[in-house]
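Asker: Predicted structure and sequence below. I'll ask about it afterward.
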Amino acid sequence: MGSSAYDAHTVGKPAKEVFSCLVGKLGARPLVSKNVGGKREGKAKSKSLMVGDSEVGDSEVVFEKWMNGIVNSVIPVGQNNVIDGKKKPNGNSKKQQHVEEKKKVEESCACKSSGDTDKNEAGCCSNQNSEDNNEAGCCSNEKSDENDSMTDSLSEEEDYDDDDDDDSEGDVLDVEDMGNVIKSQSSSKKSREPKEMVTPKQAKALKKEGYKLIGTHSAVKLCRWTKHQLRGRGGCYKHTHYGITSYQCMEATPSLACANKCVFCWRHHKNPVGREWRWKTDDPKMIVEEAVNMHVDMIKETRGIPGIQMDRWAEAHKVRHCALSLVGEPIMYPRINELLHELHERKISTFLVTNGQHPQAINDLIPITQLYVSVDASTPESLEAVDRPLFKDAWDRLKTSLSCLKNKGQRTVARLTVVKGWNSDEIGGYARLIALGHCSLVEVKGVTFCGKSDASNLNMSNSPWHHEVLQFTKLLLKELNAIREGGDDLMPEYDLACEHKHSCSVLLARVDQFAVPDENDPTKRKWRTWIDYDKFQELAAKHAADPTFTFGVEDYVADTPSWAVAGADEEGFDPTDNRHRKKKKHPKYTKFDDDGIPTHDTFNEPLEEEEMLKLRNLMKEKKKIVGEATTVTELQGGERVIDDAIFDLRRSPPLFSSVCCDDPDLQKFIALPKKLLPAFATVLDAALAPSLATANPR
């Protein structure tokens, strides 16, 4: 069973491979043939796997056909007349009539009625393939399809006429008629009205994860950053980079379906898939109205959360921003421009994220606040591995989509999600893709690990640290500048603009669009990556009234505050809020040097030279084991495990300080995982008692 929405060649691929091994290599005999009635049509019987395609809608029919075939194959005729409490017709099907006639012939045969043991002398039941046996009127064992055992009723089919099928009972479908039923169902499905996008099973799974479903294909969900900023614990990276108010931002989508199945998707693939729109289409005004109402209802429910700031809570009842990036591919929705217009009518800014598989839809899009295209890989091969697209020409579609961004007058963003071991190589390839669209901004973000899932092979080691994302971005900047210096005069200049360490996010911005000389120091740049949202709404309204009116990026920029600029001490965290860490979630160390050696402890206090020396020696010992570079180990299930020397130094706090004692036995226990300590409590007490007596008080 499967769906050809991905690819007709991959439907039921695991089952096909097992079937091929059993039948082709091991010589197993299939009980059920694929083409029932194939002999009647003059075709050779096909003993191959039956495939149910949910995209076509024949899964139930094929399964019923297979089930009946199995039953008829393993249960002798006459004993399988009752299945699942339903009585099957007796004597009405052609096969049953044929068997009964065969039994009568056998009963009338002399060799069956006589007690003779020497049947060959009687000229009966002969194994010889001669006409004499048949002329004798006896039970010849001639090798022909007409006299094969009915044990293989589906895989060893017989010839029958179709003239007398009218007397079969209607409550049970004859296996021979399954093919016609499948054809009729396929044709009837084509004539039906479009179906709803989300099945009851999918709806149940989405609701369980907190999605509020709207109509037949839309949804809204409360973002965790909305709740964070309501409690004064900091906003999301869009607050740092672009100045949105996180507690007034609504995360929604008009299309739960997507054309990709990205390995890093935190939605765990509970949503439908599809290459094109084939479902019912809800009214955009209804979608926007329901989304806003549901979002405000969820805001009201947060009132009882400890730490909620009531002034922000009151302001949060008015939605000012909409991130169309919740799940699925929003640009697939056929009436996306009408929906965007409805949001602008409500003075709600629009941040739309697309995976770059629908270039024509990008081309036809009306001006919005900010348009993202996800650039998740730098080569066709890595795109197939990371995004797992449904389109065979996904790479060409991505490049065409990026090229379309050149003609968009408003802010465009190439968004890169870095997954260690999957797409963190070939940085030059990313630069060449970005150059296709001359994007206004380049947003680089480390993937967030959201737990194990059957739909994803990611693990915690695939999530990069902020310093790794920053280093990746600096290398990307060099590649972009190299393209510009290599003779591409039209290639814009980029530079490092903002960072948000809390989200492992770094922003590159075009100098010509977002940088101006600093008034206080003309030798320095002043960034203007924030957005004047009121100005944008004014410009968007003018364009809606007069489509010939155009506006550009520079028309609605605003100054970026100093704390949001890359390299600031705040590291992108708004100083009006307070950073909150859960218990046991404090890092071992807060700052590191260029070699990855910690320089500041968990309280941001400088480490002593002696302790730093010990950590440097530990790093050297680790590098002897894993090497200087990061190693990638691919496991059997496709999971890729990353190991490097600095990985352990950035984990949870150690049990004891590394300078507490020089006892080598104690150092062995320090390396013991903390979760194993309860089981070894007694052993630890006995082993560590002498060492702890002389340990450093720290």
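Answerer: Received, thanks.

Asker: Please pull out the lowest mean pLDDT helix or strand from this structure.
Answerer: Counting by mean pLDDT, DSSP states H and E, the chain has its least confident helix or strand at helix 131-135, which shows a mean of 43.

Asker: Can you show me the helices along the stretch 551-698 of the chain?
Answerer: 609-626, 664-670, 681-693 (DSSP state H, counting those that start in this stretch).

Asker: Select the longest helix from this structure.
Answerer: Longest helix in the chain, counting residues (DSSP state H): helix 466-485.

Asker: List the buried residues for it?
Answerer: For helix 466-485, the neighbour count (16 or more other C-beta atoms under 10 Å) marks 466, 467, 468, 469, 470, 472, 473, 476, 477, 479, 480, 484 as buried. In short, each C-beta sits where N, CA and C put it, glycine included.

Asker: between those residues, which is closest to residue 224?
Answerer: Proximity to residue 224 was ranked across the buried residues of helix 466-485 by C-beta to C-beta; first place goes to residue 466, at 18.3 Å.

Asker: Contacts for the longest helix of the chain, please.
Answerer: The contact list for helix 466-485 (C-beta atoms under 8 Å, 6 or more residues apart in numbering) reads 416, 418, 420, 424, 427-428, 430-432, 434-435, 442, 444-446, 464, 491-496, 499, 501, 504-506, 508, 571, 592.

Asker: cutoff 6 Å now
Answerer: 418, 427-428, 430-431, 435, 444, 446, 491, 494, 501, 504, 506 (C-beta atoms under 6 Å, 6 or more residues apart in numbering).

Asker: Can you tell me which of these end up in helices?
Answerer: 427, 428, 430, 431, 435.

Asker: Out of the residues you listed, flag the one nearest to residue 305.
Answerer: Closest to residue 305, out of all of the ones in helices among the contacts of helix 466-485 and judged by C-beta to C-beta, is residue 430, at 39.7 Å.

Asker: Next, find the distance separating the closest one from residue 512.
Answerer: Applying C-beta to C-beta, to the nearest Å, the value for residue 430 to residue 512 is 21 Å.

Asker: which one of these two has more residues nearby?
Answerer: Shown here are residue 430 and residue 512; by other C-beta atoms under 10 Å, residue 430 has more neighbours (26 against 12).

Asker: I'd assumed residue 378 was in contact with the more buried one.
Answerer: Yes: using C-beta atoms under 6 Å, residue 430 is in contact with residue 378, at 4.6 Å.

Asker: In a helix, residue 398, correct?
Answerer: Yes: assigned with DSSP: H, G, I helix; E, B strand; the rest coil, residue 398 falls within a helix.

Asker: got the contact list for it?
Answerer: Going by C-beta under 6 Å, 6+ apart, residue 398 touches residue 356.

Asker: just to revisit the earlier point, okay if I get the ones in helices among the contacts of helix 466-485 as TSV plus distance to residue 53?
Answerer: Converted to TSV, the ones in helices among the contacts of helix 466-485 look like this (distance: C-beta to C-beta, whole Å):
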residue	distance to residue 53
427	41
428	41
430	37
431	41
435	41
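
Asker: If you rank the residues you listed by neighbours, which is first?
Answerer: Counting neighbours by other C-beta under 10 Å, residue 430 leads those with 26 neighbours.

Asker: That residue and residue 14: what is the separation?
Answerer: Separation of residue 430 from residue 14 (C-beta to C-beta): 33 Å.

Asker: now swap in residue 423 and tell me
Answerer: 26 Å.

Asker: Neighbour count: the two, which is higher?
Answerer: More crowded of residue 423 and residue 14, by other C-beta under 10 Å: residue 423, with 26 against 9.

Asker: now the strands: where do they sit in the stretch 151-300 of the chain?
Answerer: Using DSSP state E, counting those that start in this stretch, the strands of the stretch 151-300 of the chain run over 212-214, 218-221, 249-253.

Asker: circling back to that earlier point, for residue 402, state which of the ones in helices among the contacts of helix 466-485 is nearest.
Answerer: For the ones in helices among the contacts of helix 466-485, the nearest to residue 402 is residue 435 (8.8 Å; C-beta to C-beta).

Asker: tell me the contacts of that closest one?
Answerer: 483, 491.

Asker: again, only this time at 7 Å
Answerer: 483, 488, 491 (C-beta atoms under 7 Å, 6 or more residues apart in numbering).

Asker: Same question for residue 361.
Answerer: residue 331.

Asker: heads up, I number from 83, so please use that
Answerer: New numbering, starting at 83: the last item is residue 443.

Asker: hey, least reliable of the helices of the stretch 633-780 of the chain by pLDDT?
Answerer: Confidence, taken as mean pLDDT, is least for helix 746-752 of the helices of the stretch 633-780 of the chain (a mean of 47).

Asker: returning to what we had before: okay if I get the strands of the stretch 233-382 of the chain as a markdown table plus distance to residue 110 and mean neighbour count?
Answerer: A markdown table is the format used below for the strands of the stretch 233-382 of the chain (distance: least, C-beta to C-beta, whole Å; neighbours: other C-beta atoms under 10 Å):
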| stretch | distance to residue 110 | mean neighbour count |
| --- | --- | --- |
| strand 294-296 | 46 | 19 |
| strand 300-303 | 46 | 25 |
| strand 331-335 | 47 | 27 |
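
Asker: could the ones you listed go into TSV alongside distance to residue 135?
Answerer: TSV is the format used below for the strands of the stretch 233-382 of the chain (distance: least, C-beta to C-beta, whole Å):
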stretch	distance to residue 135
strand 294-296	26
strand 300-303	27
strand 331-335	27
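
Asker: Reformat those as TSV; add distance to residue 402 and mean pLDDT.
Answerer: Below are those laid out as TSV (distance: least, C-beta to C-beta, whole Å; pLDDT from 0 to 100):
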stretch	distance to residue 402	mean pLDDT
strand 294-296	19	95
strand 300-303	15	95
strand 331-335	7	96
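
Asker: so which of the ones you listed gets nearest residue 541?
Answerer: Here strand 300-303 is closest among these (C-beta to C-beta), at 25.1 Å.

Asker: now for that closest one, which elements pack on it?
Answerer: With contacts taken as 3 or more C-beta pairs under 7 Å, 6 or more residues apart in numbering; DSSP states H and E, strand 300-303 sits against strand 294-296, strand 331-335, helix 366-383.

Asker: export these to JSON lines and tack on distance to residue 484?
Answerer: Converted to JSON lines, these look like this (distance: least, C-beta to C-beta, whole Å):
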{"stretch": "strand 294-296", "distance to residue 484": "31"}
{"stretch": "strand 331-335", "distance to residue 484": "22"}
{"stretch": "helix 366-383", "distance to residue 484": "27"}
